[in-house]
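> the amino acid sequence is not available; the structure is as follows:
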């Protein structure tokens with residue numbers, strides 16, 4: 001079975017690894033171009049690129065798949081199936097029609113719920129107790145293709161988008177390995193998604209991470225989890241960015257200060273008043289500094305108590 005794999009971030013590595021360990025013939029790996037990272041803006045291989053190089057796999061990093069030359073190169077690879085995991089690029093019909101068994105995508109939600117670019121963040125924001133992963137056949141409409149298989153997963157109270165997404169793609173890799181032989185043997189019939197059940201998600205921006213202290217503490221705490229690692233949750237203090245990395249709530253505290261005021265509940269406890277309840281900050285990072293616990297932060301920044309976060 002000749003397979004072309006498309007993916008880029010860390011989340012996609014378990015899928016490519018599972019294909020390789022199951023002895024599928026990986027005839028090509030396609031990932032997004034590498035980008036400069038860090039303060040020095042040095043070019044570094046993305047996770048899939050690095051994995052492919054470590055395993056001597058043929059890799060390509062086109063800016064777009066719309067190029068006729070790129071499409072010819074994929075055609076020459078003669079894939080029986082194309083597997084996609086967190087590639088996040090438009091795939092034209094000319095490529096979708098190349099493999100005998102189509103292009104299969106692993107999507108981290110229970111489709112047709114939460115189509116689009118931020119399904120995991122949206123599930124956490126909504127306060128969902130469960131989510132899941134779907135293997136679907138790709139069509140020219142985003143996440144709208146017929147469903148081949150899906151599997152549920154519980155969302156834990158401390159789950160962030162980062163760790164939940166990784167677990168979902170690990171589950172997706174296992175599910176793919178179970179159904180791929182049956183799919184290529186034409187023993188599975190994909191089911192069309194029900195339009196009445198479709199919900200979509202939006203692309204998150206940096207502005208989404210700015211904390212609105214007039215919201216309830218429970219919602220802000222979910223946002224802290226949902227927006228980790230991107231776009232992060234933050235406020236301003238003394239003109240500097242204050243990033244809230246982890247936090248929890250306490251709705252039993254009687255408030256005597258308006259939302260956004262920092263209060264000290266007890267020694268080493270850093271809390272912020274909200275519209276309903278208080279947000280207890282566990283770990284945070286002040287612009288120019290390193291991530292630290294609230295207790296450590298207070299030892300050097302006692303003046304934050306009583307401050308107003310913007």
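Perfect, thanks for sending it. The model shown is predicted, which means the values in this text are computed figures rather than measured ones. Residues are numbered from 1 along each chain as shown.
> neighbouring strands for the longest strand seen in the chain, and are they parallel or not?
Across the chain, the longest stretch assigned as strand under DSSP state E is strand 240-250. The strands beside strand 240-250 in its sheet (DSSP bridges) come out as strand 233-237 (antiparallel), strand 278-286 (antiparallel).
> how about that strand: buried residues?
Neighbour-count burial for strand 240-250, counted by 16 or more other C-beta atoms under 10 Å, picks out 242-249. Any C-beta I mention is one placed from the backbone N, CA and C, and that applies to glycine too.
> same deal with stretch 193-200?
By 16+ other C-beta under 10 Å, the buried positions in stretch 193-200 come out as residue 193.
> what lies in contact with it?
Applying C-beta atoms under 8 Å, 6 or more residues apart in numbering, the contact partners of stretch 193-200 are 111-116, 144-147.
> so residue 266 belongs to a strand, correct?
No - read with DSSP: H, G, I helix; E, B strand; the rest coil, residue 266 is coil and lies in no strand.
> state the distance from it to residue 254.
Distance of residue 266 to residue 254, computed by C-beta to C-beta, to the nearest Å: 15 Å.
> about what we covered before: tabulate the contacts of stretch 193-200 (TSV), appending secondary structure.
Formatted as TSV, the contacts of stretch 193-200 follow (three-state DSSP):
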residue	secondary structure
111	coil
112	coil
113	coil
114	coil
115	strand
116	coil
144	coil
145	coil
146	coil
147	strand
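> and of the residues you listed, the nearest to residue 29?
Nearest to residue 29, judged by C-beta to C-beta, of the contacts of stretch 193-200 is residue 145 at 21.9 Å.
> residue 270 against residue 280, yeah?
Yes - counting by C-beta atoms under 8 Å, residue 280 is a contact partner of residue 270 at 7.3 Å.
> overlap in contacts, those two.
Counting by C-beta under 8 Å, 6+ apart, the residues touching both residue 270 and residue 280 are residue 294.
> for these two, work out which one has more neighbours and name it.
Relative neighbour count places residue 270 above the other of residue 270 and residue 280, with 23 against 19, counting by other C-beta atoms under 10 Å.
> spit out the contact partners of residue 118.
Residue 118 sits next to 201-204 when contact means C-beta under 8 Å, 6+ apart.
> so which of the residues you listed wins on neighbours?
Neighbour counts for the contacts of residue 118 (other C-beta under 10 Å) peak at residue 201, which has 19 neighbours.
> so what's that one up against?
Each residue near residue 201 by C-beta under 8 Å, 6+ apart is listed here: 114-119, 121-122.
> kindly recompute the last result at 6 Å.
By C-beta atoms under 6 Å, 6 or more residues apart in numbering, the contact list for residue 201 reads 114, 116, 118-119, 122.
> domain assignment for the chain?
What the record gives for the chain is the domain set 2-197, 206-304, from automatic domain parsing.
> can I get those domains in a markdown table including distance to residue 310 and mean pLDDT?
A markdown table is the format used below for the domains of the chain (distance: least, C-beta to C-beta, whole Å; pLDDT from 0 to 100):
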| stretch | distance to residue 310 | mean pLDDT |
| --- | --- | --- |
| domain 2-197 | 22 | 96 |
| domain 206-304 | 4 | 94 |
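> on contacts alone, who are the packing partners of the longest helix along the chain?
If each helix of the chain is counted by residues according to DSSP state H, the longest one is helix 161-184. The contact analysis (3 or more C-beta pairs under 6 Å, 6 or more residues apart in numbering; DSSP states H and E) places helix 161-184 against helix 13-21, helix 119-125, strand 130-137, strand 147-154.
> show me the contact partners of whatever helix or strand comes next after it.
Using DSSP states H and E, the helix or strand that follows helix 161-184 in sequence is helix 217-226. For helix 217-226, contacts defined as C-beta under 6 Å, 6+ apart pick out 121, 124-125, 160-161, 211, 233, 244, 247-249, 274, 277-279.
> now the strands for the stretch 1-150 of the chain?
Secondary structure of the stretch 1-150 of the chain (DSSP state E, counting those that start in this stretch): strands at 2-7, 25-30, 36-37, 42-43, 59-60, 81-85, 103-107, 130-137, 147-154.
> dump these to CSV, plus mean neighbour count and distance to residue 53.
Formatted as CSV, those follow (neighbours: other C-beta atoms under 10 Å; distance: least, C-beta to C-beta, whole Å):
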stretch, mean neighbour count, distance to residue 53
strand 2-7, 24, 14
strand 25-30, 21, 9
strand 36-37, 10, 17
strand 42-43, 8, 14
strand 59-60, 18, 7
strand 81-85, 25, 18
strand 103-107, 24, 22
strand 130-137, 22, 27
strand 147-154, 17, 30
